[in-house]
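Peer 1: how would this look folded up:
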Amino acid sequence: MNQVSAATPMHAHADAPRWPVRYLLFIGGMGGLLYGIDIGIIAGALPYLEATATASWHLTSQQLGFVVAAVLLGSVLSSLFAGMVADLIGRRGAMLLAGVLFTASIPVMALSNGYAALLMGRLLQGISGGLIGVVVPLYLAEVLSPERRGRGAAMFQLLLTIGLVLAALIGLYHAHAVDAATEAVRHLPAADQQRLLFAVKDHAWRTIFWSCLLPGLVFTAGVMLISESPRWLVRRGRIDTARAALQRTVAASEVEPTLQRMQAPDDVPSHAGGKRDPLLSRRYVWPFVLACLVLAFTQATGINSVLAYAVNILNQAGLPGSVANGADVAIKLLNAVMTVVALVLVDRKGRKFLLMLGSGGITVALLAAALLFVKSEHGRLDVHAQLQQQVAGSTLSLPLDAAQWQRLDRNAGEAAQQLTVSYAYGGFSNVRALRSDNPIDATLEIRREDAVSADSVIGAFFRRLHLNPFPDPAHAAQAPLVIERAMIGPVPSPTHGWLVAGCILLFVAFFAVGPGVCVWLALSELMPTRIRSNGMSIALLINQFVSTVIAAIFLPTVGHHGYASMFFFWAGCTLLYFLIAAFWLPETKGKSLEQIEANFR
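Peer 2: As a prediction, the model looks like this:
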């Protein structure tokens, strides 16, 4: 087996074109920005969408859930085919398609006058996000030199976090605008107040979506000015075009050697028989498995659930609502700031070191948060039997005045109390969390329609075939209300809340420095050339599947077993992540993709 030539000399890196490479980093960063906006923009729009669309379009809560989840569904669907699309029309073509779909989704959503159009716009946005998540890291890995490849992945992740912050700030701006409008119309008659606030909220969610149009246009127009991936061109036999593309990103003295290295893996036999190794050989399977493990365990740290449910977690830990929202903004800002630190470190310290540092720090932070919740949850009373006695028919309506809180927990003093109730109708379960110091929680109201949802058209089709694995609404329509668990205890002190917030801030900081950036490098660097595009699609699909499962089980798990159980689970997964990074993951810093592949032969 022939050996791959040596790495690019450092002087060649210094002589490489600067502005074309910076432009590529900018476009890669814009892809990350769109990916972050994809994930975060619905959070700010949803309250106003719910307030207006449920009245004018008669949307059910299930349909609103589909609107929220449509981006994830579209992303999963496009992830399945992103590698195939990138191989068929090229990396640049797939990026252009993603930009066009994202840009087209904005007017579809913002101008929608019904459920179908809004759902279609969200699906288009999700499909573009899935393409971006696969193709942009793939393109940057194939185009940038080994010395700059880490910076490219870090730029993608940095702008992704900025996209999340931008989406949150857009939502915050419109929240202040709606609050100001509410104060301005307070003196008007009730009918006029309702009419004007409806118009303001309808305008708010549409404007939130319109604000995403400019980044989509910039990314789409910017992709038109970049070159195709030289490695893709070499695989298509377009050597002269690949040479021209390389001249824009590497030093002139390195164009031909780099071109030769790109051609070597396909031209060089892998063993004495002169044939290439089969796809199930170690050189393909082992790096593929490593990349999938890194992506799966990145989500198993719980990062997406922590970011999505940060306000709930901090409220449960003892911080009041407004303070918890402020801490949530601080968490997302810290995520962006620490990604800048990772941008500096990733090509200096290496991927393996940062993954070990990040996963080790995350494990400590999660264990500390879990132990804090163990302390606050210890000694809570189970009052499910008392609540079950209050059930009338299939509902529970229990006024929660001061006397009722005292009856539920006779040991309660003057401190605020919190009650977490897990209940079920047949196979459909739900969780309610209430606090004695929250005026909204004046009544514990449990109704069948709040937990049981009818099958969708697709669900009904599979139900007729006896292939639907989810609970049957027909059975749940007759099932009694069962209070499975009801725990009551004092609300933790604000000091406890700030300690938990500190653990989460520490968690986010270590995640941003380690897995946040290195996950995209592992996705693109570890995959051999022969399977890179399709392998990246499968690995990203696994990543999103793990994220979806953890997000889906979060509320039921903390409702049944407490927040400590979830944090202990995440800590255990992250410990395994650390061991994988320490003992199995090779260092890829400063190595060409061909050298990395050669190490697995």
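Peer 1: quick one: buried residues of the one helix or strand F569 maps to?
Peer 2: Using DSSP states H and E, F569 sits within helix 563-583. Using 16 or more other C-beta atoms under 10 Å as the test for burial, helix 563-583 gives 563-571, 573-575, 577-578, 580-581. Just so you know, the C-beta spots here come from the backbone N, C-alpha and C atoms, and that holds for glycine as well.
Peer 1: Where is pLDDT lowest across those residues?
Peer 2: Among those, A581 carries the lowest pLDDT, at 86.
Peer 1: For the helix or strand hosting G497, buried residues please.
Peer 2: Assigned by DSSP H and E, G497 belongs to helix 494-513. Residues of helix 494-513 classed as buried by neighbour count (16+ other C-beta under 10 Å): 496-501, 503-513.
Peer 1: swap in stretch 114-131?
Peer 2: So for stretch 114-131, counting by 16+ other C-beta under 10 Å, buried means 115, 118-131.
Peer 1: Apart from its neighbours in sequence, what residue is nearest the residue nearest the centre of the chain?
Peer 2: Geometric centre of the chain, nearest residue: N304, 4.9 Å, by C-alpha atoms, centre = their mean. Of all residues beyond its chain neighbours, the one nearest N304 is S547 (4.8 Å), with distances taken as C-beta to C-beta, 6 or more residues apart in numbering.
Peer 1: Was I right to think the one you found contacts Q299?
Peer 2: Yes. With contact defined as C-beta atoms under 8 Å, S547 and Q299 form a contacting pair (4.2 Å).
Peer 1: Need the max-distance pair from the buried residues of stretch 114-131.
Peer 2: Farthest-apart pair in the buried residues of stretch 114-131 is Y115 and L131; separation 24.8 Å (C-beta to C-beta).
Peer 1: residues of the helix or strand harbouring G360 that come out buried?
Peer 2: Using DSSP H and E, G360 sits in helix 351-377. The neighbour-count check on helix 351-377 (16+ other C-beta under 10 Å) flags 351-363, 365-370, 372-373, 376-377 as buried.
Peer 1: Name the spans of the stretch 351-500 of the chain whose pLDDT lies under the cut-off.
Peer 2: Within the stretch 351-500 of the chain, the ranges that satisfy pLDDT under 70 run 412-414, 438-441, 450, 456.
Peer 1: got the residue ranges for the helices in it?
Peer 2: Along the stretch 351-500 of the chain, counting by DSSP state H, counting those that start in this stretch, helices occupy 351-377, 384-389, 402-408, 457-464, 473-476, 494-513.
Peer 1: list the buried ones in the third one?
Peer 2: What that stands for is helix 402-408. Going by neighbour count (16+ other C-beta under 10 Å), the buried part of helix 402-408 is 405, 408.
Peer 1: Quick check: what element follows the helix or strand of the chain with the lowest mean pLDDT along the chain?
Peer 2: Here the helix or strand of the chain ranked lowest by mean pLDDT, DSSP states H and E is helix 10-15, holding a mean of 48. Later in the chain than helix 10-15, the nearest helix or strand by DSSP H and E is helix 19-56.
Peer 1: Going by neighbour count, list what's buried in that following helix.
Peer 2: With burial defined by 16+ other C-beta under 10 Å, the residues of helix 19-56 counted as buried are 20-21, 23-53.
Peer 1: which element is L585 on?
Peer 2: Following DSSP H and E, one finds L585 outside all helices and strands.
Peer 1: Please disregard the earlier target; I meant V329.
Peer 2: Counting by DSSP H and E, V329 is found in helix 321-349.
Peer 1: what angle sits between that helix and helix 19-56?
Peer 2: Angle, helix 321-349 to helix 19-56, by axes from the mean of the first three to the mean of the last three C-alpha atoms, to 10 degrees: 160 degrees.
Peer 1: For helix 321-349, the averaged confidence score.
Peer 2: On average, helix 321-349 scores 77.
Peer 1: So what's the gap between that helix and the chain middle?
Peer 2: The chain centre lies 15 Å from the centre of helix 321-349; the measure is C-alpha atoms, centre = their mean, to the nearest Å.
Peer 1: what's it packed up against?
Peer 2: If you count contacts as 3 or more C-beta pairs under 8 Å, 6 or more residues apart in numbering; DSSP states H and E, helix 321-349 packs onto helix 146-184, helix 303-308, helix 310-317, helix 351-377, helix 494-513, helix 515-525.
Peer 1: buried set for that helix?
Peer 2: The neighbour-count check on helix 321-349 (16+ other C-beta under 10 Å) flags 323-325, 327-328, 331-336, 338-339, 342-343, 345-347 as buried.
Peer 1: what do you get for stretch 236-246?
Peer 2: Using 16+ other C-beta under 10 Å as the test for burial, stretch 236-246 gives 242-243, 245-246.
Peer 1: Just the CA coordinates for that stretch, please, in PDB.
Peer 2: Extracted in PDB, the C-alpha atoms of stretch 236-246 (Å, rounded to 0.1, in the frame of the first residue of the first chain):
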ATOM      1  CA  ARG A 236     -16.200  13.400 -11.400                       C
ATOM      2  CA  GLY A 237     -13.000  13.400 -13.500                       C
ATOM      3  CA  ARG A 238     -13.000  17.200 -13.900                       C
ATOM      4  CA  ILE A 239      -9.300  17.600 -13.000                       C
ATOM      5  CA  ASP A 240      -8.800  21.000 -14.700                       C
ATOM      6  CA  THR A 241     -11.700  22.500 -12.900                       C
ATOM      7  CA  ALA A 242     -10.500  21.100  -9.600                       C
ATOM      8  CA  ARG A 243      -7.100  22.600 -10.200                       C
ATOM      9  CA  ALA A 244      -8.700  26.000 -10.800                       C
ATOM     10  CA  ALA A 245     -10.800  25.700  -7.600                       C
ATOM     11  CA  LEU A 246      -7.600  24.700  -5.600                       C
END
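Peer 1: From the rest of the structure, what touches it?
Peer 2: Here stretch 236-246 makes contact (C-beta atoms under 8 Å, 6 or more residues apart in numbering) with 143, 227-231, 233-234, 255-256, 258-259, 262-263.
Peer 1: what does stretch 576-583 give?
Peer 2: Identification of contacts with stretch 576-583 by C-beta under 8 Å, 6+ apart yields 290, 293-294, 297-298, 300-301, 352, 355-356, 359-360, 362-363, 515.
Peer 1: Closest to D472 out of those residues?
Peer 2: Taking C-beta to C-beta as the measure, D472 sits nearest to A300 out of the contacts of stretch 576-583, at 30.9 Å.
Peer 1: gap between the closest residue to that closest one other than its chain neighbours and P230?
Peer 2: In this structure, A300 finds its nearest non-sequential neighbour in C573, 3.7 Å apart by C-beta to C-beta, 6+ apart. Counting by C-beta to C-beta, to the nearest Å, the gap from C573 to P230 is 38 Å.
Peer 1: Much appreciated, bye for now.
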